[in-house]
Structures are given as structure tokens and as C-alpha cells.
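S.K.: Sequence plus the predicted model coming up.
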Amino acid sequence: MRVGVLGAGQLARMIALAGIPLGLDFIFLDPAADACANRLGESLVGDYNDPKLLAQLAERADVVTYEFENVPAEVAEFLASHTQVHPSPKALAVAQDRLIEKTFFHDIDIPTPAYAAVDSLESLKQAMADIGYPAILKSRTQGYDGKGQSMLKSADELSAAWELLQGVPAVVEAFVPFNREVSIIAVRSVSGEIVFYPLSENLHRGGILRVSECRADDAMQQQAESYVSRLLEALDYVGVLALELFEVDGKLVANEFAPRVHNSGHWTIEGAETSQFENHLRAILDLPLGSTAPVGQAAMVNFIGGLPKTEDLLKIPHAHLHLYDKSPRKGRKVAHATVRAEHQQQLSERVNNLIRLADQVDDS
Ligand code: AMP
């Protein structure tokens, strides 16, 4: 079996690392010749919408998946008309546009912050009269890791925030005074089998994920499972999906979902019986899904902009280093570490040691 992946970054690389022991072959399409997954399979180098390369990918791959959600709709549709594509072009279309995504959540009764569509300074002013301050203005498309976003604290800031967007359609949403951010990674196979991982509790700085800790037996688990199940069923979804949520006073409010393997699920590599990457492959190939049971307490820390010394990191008991084979650059995710422990206090100590190493090299 040969799996095609759009994108050959670290997520594609970790999908391949999980698939090779299952006897799978990989073919990647990515504009960068030095993309970090390329050495794990065949590579097609060029634009995502290059018709010749897409035809080759569709011809060579038994099933195609992707590592990022901004795949152009016509690319996903073309591939889907020639081979199996999971998750579906529909899931991509919903996840790519914050307005469509929020409306979709609303239609299936998943709570969101109050929001409104904005396409002019006038409509932003009108929306703010209902939503109130503070709020966040976000571009509808192409936004990730906090890019294309402005915090709005008063009416004085509206013109500057709107100008920053340079006329691209946007949504404005109420700022959620959350107690914490969590995500749930769920998996649905071609046959409709569904499994959930324990919640991840996530720490962001500057809009970028820094730390995720697995929270087994969390009081919010059931609510999160119920929301994500609705999403999986409504999209007839196949593969791994990550739903990002805010917890406010014992209630969950959806922020966004990613139709792919997700950074907040990297702890599953050593921290769960089956990693999100292996389960994504099992799901799209219609194989039985693996157990998502946690193995002890587990967490993940990202390395952004720089790498720790391998010896320093491996000195931390039960820590594992995952290098992405990417050259360090400001704000770029270049590695992560997972760590396990027997109890929460021990986990916190080990995570703090990892954060110290990450902060020493972090230039963002
Ligand atoms: P996003 O790109 O939408 O995932 O936003 C990146 C990060 O910004 C989130 O993980 C939150 O930390 C923060 N954020 C985004 N939207 C909101 C909101 N409505 N209320 C509070 N914080 C938010």
C-alpha cells in the first residue's frame, strides 16, 4: 500500500515514521525539495496545484491524506475524483474558513464565542456594538498560530485593526476569559469506528502552542467527546481530527478544529498505546483502530526557533526527543520532546525542566 501525503513537513514525517512498521510506502508532494519528510519516501517537488504532479500523486497513491488544511479546494476535489482522499474535501472546506466553521459548529449545537462576519470597517463597528470588548478580529482564511489576528480592547482600535487585514474577509469574536485551553483528538475510520484520546491541556504563548499535557479522567472529557462525535458524524469524517476548546467555568466553548494530526496530540507518540499518527493511518486504510489508553502521565514540549543539546534533554528521565530535521529559524517549530511520569507532580517537574531547555533556545 502506498499513502500519498500533501505536504512533507514534520506532520507528514511523523505519519511516515508510524506507517513504515505497518509496511506502508509513502509519496509526498511539497514545494520544498528539502522538506523534512522527503527522505522517508518518494517525493514530488512542486506546487500543490501543479496538474502534472497531482496526476502522478493520484496515480501512484492508493489513498491520499494531507498534513495541513489550506489545501486548495480544487486540488482536493481533483484528487478525490481519481483516488481515495481522507479526510474529505468537505472537511477541508469547513476547516479552512473560520466563518463557515463557526456556522457549522452552531448548526450542530457546539457552543462558540459570540461572532459576526466582517467585510468592512462599517460592519466591524456594527458587530462590536453587539459583541462588546474585548474581542478578537481574525481573517476568515489562511490564519494559523495567531497570524492575521488583532485583539480589540476599545473602539479606538477598530480602524487600525481593520487596515491591518488589508480588506480580507474576517470574523470578529468575543474574547473568552478561559480557565484553560484543551483539545480532544478523535479518530474515525472508513467503517465508522470511533476512538478518543484523553484531553490535552494546552499552553500557548504568542498564539503558538508550547506545551500539551495529557489529562486522563478529566471532568470535561465527556462533554468534549460529545461535541467532537457530532463533528465527526456531521462531516462523515475519516482520519484524525483535533477539536480545540476553551474551558470557562466548567463549560466548553469551541475555538476551531484541525482536519489532521495535531501538535497537541504529539504526546501520544510515547504517551498512549497507539499514537495519533498510527491511528490516522489505520483510520484512512480502514484497519481496526488502536487503543488510545494513556501510558502513565504524559506531556509534550515544543522547541521553537532553536534546538536543545541532545545530552541535556535525554538526561531528563523518561524524556524522548523528536527532531524534525529542519534548520532552526525564528519562530519555526524544529522539534518536540515527550515525557512520561508516574504521577502529576513528577510530570510537572520534568515538564518544567523541558520548558527551561526550550526557553533557552526560543527566539520567538
Ligand atoms: P487560533 O489561531 O484561533 O487558534 O488562536 C490562537 C490562540 O489565540 C488560541 O489558542 C488562544 O490562546 C487565543 N485565542 C483565540 N481566540 C480566542 C478567543 N476568542 N478568546 C480568547 N483567546 C483566544
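M.R.: Good, I have the coordinates.
S.K.: hang on, residue 282 packs against residue 276?
M.R.: No - under the criterion of C-beta atoms under 8 Å, residue 282 makes no contact with residue 276, lying 10.6 Å away. (Each C-beta comes from the backbone N, C-alpha and C, glycine too.)
S.K.: Please identify which of the two sits among more neighbours.
M.R.: Taking neighbours as other C-beta atoms under 10 Å, residue 282 and residue 276 compare with residue 276 leading, 29 against 24.
S.K.: How about the more buried one, nearest residue that isn't a chain neighbour?
M.R.: Excluding the flanking residues, the one nearest residue 276 by C-beta to C-beta, 6 or more residues apart in numbering is residue 265, at 4.0 Å.
S.K.: backbone phi and psi for that neighbour, please?
M.R.: phi -110, psi 10 (degrees, to the nearest 10).
S.K.: And it, how far from residue 306?
M.R.: Going from residue 265 to residue 306 by C-beta to C-beta, to the nearest Å gives 23 Å.
S.K.: When the two are compared, which one has more neighbours?
M.R.: residue 265 (29 against 18).
S.K.: ok, that one to residue 84 distance?
M.R.: 23 Å.
S.K.: Which residue lies nearest the spatial centre of the protein?
M.R.: Centroid check for the chain by C-alpha atoms, centre = their mean gives residue 262 as the closest residue, at 3.4 Å.
S.K.: give me every residue that touches that residue.
M.R.: 183, 185, 240, 242, 276 (C-beta atoms under 8 Å, 6 or more residues apart in numbering).
S.K.: Which of the helices or strands spans residue 181?
M.R.: Following DSSP states H and E, one finds residue 181 within strand 180-188.
S.K.: what's that strand packed up against?
M.R.: Helices and strands in packing contact with strand 180-188 are listed as strand 194-196, strand 199-205, helix 221-234, strand 239-248, helix 276-284; criterion 3 or more C-beta pairs under 8 Å, 6 or more residues apart in numbering; DSSP states H and E.
S.K.: and residue 257, what does it touch?
M.R.: Residue 257 makes contact with 95, 101, 231, 241, 242, 243, 244, according to C-beta under 8 Å, 6+ apart.
S.K.: what's the burial count for the closest residue to the ligand within the stretch 51-200 of the chain?
M.R.: For the stretch 51-200 of the chain, the residue closest to the ligand is residue 176, as judged by C-beta to the nearest ligand atom, at 3.7 Å. By other C-beta under 10 Å, the residues close to residue 176 number 18.
S.K.: Surely it is within a helix?
M.R.: No - the assignment for residue 176 (DSSP: H, G, I helix; E, B strand; the rest coil) gives coil, which keeps it out of a helix.
S.K.: so what pLDDT did the nearest residue to it once chain neighbours are set aside get?
M.R.: Closest residue to residue 176 apart from its sequence neighbours, by C-beta to C-beta, 6+ apart: residue 246 at 4.5 Å. Predicted confidence (pLDDT) for residue 246: 98.
S.K.: Would you mind stating the distance between the nearest residue to residue 240 once chain neighbours are set aside and residue 90?
M.R.: Counting by C-beta to C-beta, 6+ apart, the nearest residue to residue 240 once its immediate chain neighbours are dropped is residue 280, at 4.2 Å. In this structure, residue 280 and residue 90 are 18 Å apart, going by C-beta to C-beta.
S.K.: cool, residue 8 as well?
M.R.: Applying C-beta to C-beta to residue 8 and residue 90 gives a distance of 24 Å.
S.K.: neighbour count winner among the two?
M.R.: Applying other C-beta under 10 Å to residue 8 and residue 90 shows that residue 8 carries more neighbours, namely 29 against 16.
S.K.: can you tell me which residues contact residue 248?
M.R.: Counting by C-beta under 8 Å, 6+ apart, residue 248 makes contact with 176, 177, 178, 179.
S.K.: Which two among those are spaced furthest apart?
M.R.: Between all members of the contacts of residue 248, the longest pairwise span (C-beta to C-beta) is found for 176 and 179 and amounts to 9.8 Å.
S.K.: quick one: which of the contacts of residue 257 is nearest to residue 128?
M.R.: The shortest distance between residue 128 and any of the contacts of residue 257, using C-beta to C-beta, involves residue 101 and amounts to 21.0 Å.
S.K.: gap between the closest one and residue 140?
M.R.: In this view, residue 101 and residue 140 are 9 Å apart by C-beta to C-beta.
S.K.: so where do the helices sit in the chain?
M.R.: Secondary structure of the chain, counting by DSSP state H: helices at 10-19, 51-60, 73-82, 89-96, 98-107, 121-131, 158-164, 221-234, 268-271, 276-284, 310-314, 344-361.
S.K.: need those helices in CSV with distance to the ligand, can you?
M.R.: Below are these laid out as CSV (distance: least, C-beta to the nearest ligand atom, whole Å):
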stretch, distance to the ligand
helix 10-19, 16
helix 51-60, 28
helix 73-82, 21
helix 89-96, 12
helix 98-107, 8
helix 121-131, 10
helix 158-164, 14
helix 221-234, 16
helix 268-271, 19
helix 276-284, 18
helix 310-314, 25
helix 344-361, 17
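S.K.: So which residues on the stretch 101-250 of the chain come close to the ligand?
M.R.: If contact is defined as C-beta under 6 Å from any ligand atom, the residues of the stretch 101-250 of the chain in contact with the ligand are 113, 136, 143, 144, 146, 173, 175, 176, 181, 204, 207.
S.K.: ok, the third one - contacts?
M.R.: What that stands for is residue 143. Neighbouring residues of residue 143 by C-beta under 8 Å, 6+ apart: 98, 149.
S.K.: Could you list the low-pLDDT ranges of the stretch 101-250 of the chain?
M.R.: Judged by pLDDT under 70, the stretch 101-250 of the chain has its weakly predicted residues at 144-146.
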